[in-house]
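**Q** following is a predicted model, sequence given first.
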Amino acid sequence: METLSQETKEKKVFMETFGCQSNVLESDHVTGLLLKNHFSITPIAKEADVILFNTCSIREHAEHKVFSRLGQLGDWKREKEGRVIGVMGCMATSYKNQLLERAPFLDMVVGPDQYMKVPQVIREAAGTGVSQVLADFDPVYFPENDPRRLAQPHKAFIEIMKGCDKFCTFCVVPFTRGREISRPTESILEEVATIAQAGVKEVMLLGQNVNSYGLGLNSKGKGITFSQLVKLVGEIKGIQRVRFMTSHPLDMPDDLIEVMATVPAVCNSIHLPVQCGSDKVLKRMNRKYSVAHYLVQVQKLRSSIKDLFITTDLIVGFPGEEEKDFQGTLDLLDEVKYDAVYSFKYSPRLGTPAARMLDQVSGEVQDERLARLNEKAWKQASEACESRLGKIEEVLVDGPADKTPDAYYGKSRQNRTVVFPGKGYKAGDVVKVKIESHKVANLYGTTI
Ligand code: SAH
Ligand code: SF4
Ligand code: F3S
């Protein structure tokens with residue numbers, strides 16, 4: 001055992017993370033496991049003995065980045081014996097063995113439910129040079145934060161469920177992450193309580209579809225609903241802010257709106273991806289709601305929650321999207337006036353029904369629509385930001401501001417970035433800032 005520790009102490013791991021918050025959380029989890037197993041972590045790829053990519057398959061572009069990184073590493077690998085290259089994340093489960101065909105020098109392909117084995121697989125790869133592919137799903141494995149090695153001292157992601165059963169026709173997640181499974185409630189509450197004791201003040205509860213948390217657990221007679229879970233997390237000592245994502249607009253429960261409105265720790269922000277403002281396209285996407293249903297949800301949220309910060313995801317150029325469908329999306333923006341919009345060009349994904357639809361939209365049309373969409377979304381986001389001028393925001397400090405000397409930045413309860421001058425603050429401090437100006441989506445002010 002001792003010799004192994006000595007050996008691995010010299011192994012430096014560089015990890016690059018792509019994709020969503022689940023990957024960020026899981027990279028932190030793997031980092032924790034590696035440190036516990038006597039590896040060290042380096043932020044400089046050139047100094048590493050092991051290079052790991054935690055990958056995303058959501059759009060072609062995300063995969064391209066990884067394939068091009070891998071393409072550059074053949075020489076690096078040959079230069080020194082014992083070097084290890086690995087792919088984790090959603091490309092591991094979507095491509096499995098095929099990745100070894102694309103990049104023969106790859107040593108390990110490890111999917112999200114197999115991360116416990118990463119330290120051991122690195123050791124074996126360095127020792128034997130034999131490539132391994134571990135991409136099976138495991139219904140009981142959930143990544144956790146290590147309270148002694150938190151990536152940030154004051155806020156953390158918590159995985160409350162995994163997988164997805166919604167099967168939107170454009171989306172690869174049900175295939176890369178498998179069936180939807182809720183993590184047992186006690187395990188979530190225990191993790192939050194432990195990290196709260198270690199100083200964490202804000203948690204973000206993560207799942208592809210958090211509103212259906214507890215469905216599988218409920219059928220066994222021992223589960224609770226998502227709304228109840230959010231309330232319980234919000235009552236844990238030390239937790240001052242609770243956020244969650246992603247809520248699917250189909251099953252947004254009324255009691256969740258009530259919890260958001262009444263439990264003090266729960267923040268006044270919600271990410272509610274609409275994807276598109278045309279009923280015809282929503283149907284083809286298999287989103288299972290109409291624009292009218294979505295707008296009712298938004299109206300209910302807005303009327304119950306003060307100063308609600310609302311964001312969305314939109315896809316432009318989905319197969320069969322005509323100009324009038326796209327116009328529906330622009331009209332929806334005018335109706336909702338989002339605080340922020342994450343917009344994407346539709347990207348065909350292998351094995352998904354939308355990729356087989358015959359009426360794909362050309363790249364030029366997609367580009368043109370995306371530009372029009374973004375112009376409107378930016379204008380509205382900027383106006384929403386302007387509405388905060390003169391307000392006093394409670395800011396949870398993240399650290400020193402990058403571009404402004406002698407200043408700090410943090411997040412308001414709505415989740416807007418706030419920059420303010422000051423000295424000696426540390427991550428996790430809570431300050432009150434009076435907002436005096438804004439630049440695009442960032443707020444600037446002074447502490448009071
Ligand atoms: N579970 C979340 C979404 C996770 S994926 C939800 O249902 O809202 C994040 C976003 O990526 C999606 O909301 C969608 O807007 C976008 N996306 C997913 N698949 C895509 C594809 N094939 N092409 C373009 N954007 C896609
Ligand atoms: Fe993908 Fe739809 Fe599931 Fe979200 S709800 S992860 S978009 S299949
Ligand atoms: Fe990407 Fe997988 Fe997340 S496909 S968006 S890393 S769940």
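**A** Structure's in. What do you need? Residues are numbered from 1 along each chain as shown. Ligands and ions are numbered 1, 2, ... in the order given.

**Q** ok, longest helix in the chain?
**A** Assignment by DSSP state H gives helix 363-386 as the longest helix of the chain.

**Q** give me the buried positions along that one.
**A** Neighbour-count burial for helix 363-386, counted by 16 or more other C-beta atoms under 10 Å, picks out 365, 366, 369, 370, 373, 376, 377, 380, 381, 384, 385. Using the backbone N, CA and C atoms, a C-beta is placed for each residue, glycine as well.

**Q** looking at these, spot the one nearest residue 430.
**A** The nearest member of the buried residues of helix 363-386 to residue 430, counting by C-beta to C-beta, is residue 385 at 21.4 Å.

**Q** correct me, but that closest one touches residue 416?
**A** Yes - with contact defined as C-beta atoms under 8 Å, residue 385 reaches residue 416; the gap is 7.0 Å.

**Q** find residues that contact each of those two.
**A** 339, 441, 442, 443 (C-beta atoms under 8 Å, 6 or more residues apart in numbering).

**Q** what residues does the last one make contact with?
**A** Right, residue 443. Residue 443 touches 385, 388, 393, 412, 416, 417, 418, 419, 433, 435, 437, counting by C-beta under 8 Å, 6+ apart.

**Q** got the confidence number for it?
**A** For residue 443, the pLDDT comes out at 97.

**Q** circling back: now, of the contacts of residue 443, which are buried?
**A** Buried among these by 16+ other C-beta under 10 Å: 385, 388, 393, 412, 416, 417, 418, 419, 433, 435.

**Q** enumerate every residue touching the fourth one.
**A** What it means is residue 412. Counting by C-beta under 8 Å, 6+ apart, residue 412 touches 388, 393, 394, 395, 418, 443.

**Q** just give the nearest non-adjacent residue to it, would you?
**A** Spatial nearest neighbour of residue 412, chain neighbours left out: residue 393 (4.0 Å); criterion: C-beta to C-beta, 6 or more residues apart in numbering.

**Q** that neighbour bridge partners, please.
**A** residue 433 (DSSP bridges).

**Q** confirm for me that it is in contact with residue 415.
**A** No - between residue 393 and residue 415 there is no contact under C-beta under 8 Å: 10.7 Å.

**Q** state the distance from residue 58 to ligand 3.
**A** From residue 58 across to ligand 3, the span is 4 Å (C-beta to the nearest ligand atom, to the nearest Å).

**Q** can you pull the contacts of that residue?
**A** Going by C-beta under 8 Å, 6+ apart, residue 58 touches 19, 20, 90, 171, 172, 173, 347, 349.

**Q** is it in a helix, a strand, or coil?
**A** The three-state assignment at residue 58 reads coil, by DSSP: H, G, I helix; E, B strand; the rest coil.

**Q** any idea how far it lies from ligand 1?
**A** Using C-beta to the nearest ligand atom, residue 58 is found at 5 Å from ligand 1.

**Q** what's the local residue count around the residue nearest to residue 172 when sequence neighbours are not counted?
**A** Nearest non-adjacent residue to residue 172, counting by C-beta to C-beta, 6+ apart: residue 349, 4.4 Å away. As a burial measure, residue 349 scores 22 neighbours (other C-beta atoms under 10 Å).

**Q** which SS state does residue 349 fall under?
**A** Here residue 349 is coil, with the state taken from three-state DSSP.

**Q** for residue 419, which residues make a bridge with it?
**A** Counting by DSSP bridges, residue 419 is bridged to residue 409, residue 444.

**Q** tell me how far it lies from ligand 2.
**A** From residue 419 to ligand 2 the distance is 33 Å (C-beta to the nearest ligand atom).

**Q** residue 401 is in contact with that residue, correct?
**A** Yes - Residue 419 lies in contact with residue 401 (C-beta under 8 Å); the separation is 5.0 Å.

**Q** and for these two, which residues touch both?
**A** Joint contacts of residue 419 and residue 401 (C-beta under 8 Å, 6+ apart) are 407, 408, 409.

**Q** and which of the residues you listed is nearest to ligand 1?
**A** When the shared contacts of residue 419 and residue 401 are ranked by distance to ligand 1 (C-beta to the nearest ligand atom), residue 409 comes first, at 25.4 Å.

**Q** can you pull the contacts of the closest one?
**A** 397, 398, 399, 400, 401, 402, 417, 418, 419, 420.

**Q** repeat for residue 187
**A** Residues in contact with residue 187 (C-beta under 8 Å, 6+ apart) are residue 142.

**Q** so where do the helices sit in the stretch 1-150 of the chain?
**A** Counting by DSSP state H, counting those that start in this stretch, the stretch 1-150 of the chain has helices at residues 2-9, 21-36, 60-71, 74-79, 90-95, 98-102, 118-128.

**Q** ok, residues contacting the last one?
**A** The set of residues external to helix 118-128 that reach it, using C-beta under 8 Å, 6+ apart, is 4, 7-8, 11, 13, 30, 33-34, 36-37, 39, 49-50, 52, 82-84, 86, 88, 107-108, 110, 130-132, 134.

**Q** how about 6 Å then?
**A** By C-beta atoms under 6 Å, 6 or more residues apart in numbering, the surrounding residues in contact with helix 118-128 are 30, 33, 34, 37, 50, 82, 84, 107, 108, 110, 132.

**Q** ok, the third one - contacts?
**A** Counting by C-beta under 6 Å, 6+ apart, residue 34 makes contact with 13, 119.

**Q** could you dump the helices of the stretch 1-150 of the chain to TSV with distance to ligand 2?
**A** As requested, those are exported to TSV (distance: least, C-beta to the nearest ligand atom, whole Å):
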stretch	distance to ligand 2
helix 2-9	36
helix 21-36	10
helix 60-71	14
helix 74-79	34
helix 90-95	11
helix 98-102	22
helix 118-128	24
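
**Q** just say which of the ones you listed is most tucked in.
**A** Neighbour counts (mean count of other C-beta atoms under 10 Å) averaged over each of the helices of the stretch 1-150 of the chain peak at helix 90-95, with a mean of 25.

**Q** any part of that one near ligand 1?
**A** No - legend: contact between helix 90-95 and ligand 1 by C-beta under 6 Å from any ligand atom is lacking; minimum distance shown is 10.3 Å.

**Q** pull the distance from that helix to the chain's centre.
**A** Its chain's C-alpha centre and that of helix 90-95 lie 17 Å apart, by C-alpha atoms, centre = their mean, to the nearest Å.

**Q** any residue of that helix up close to ligand 3?
**A** Yes - judged by C-beta under 6 Å from any ligand atom, helix 90-95 comes into contact with ligand 3 at residue 90.
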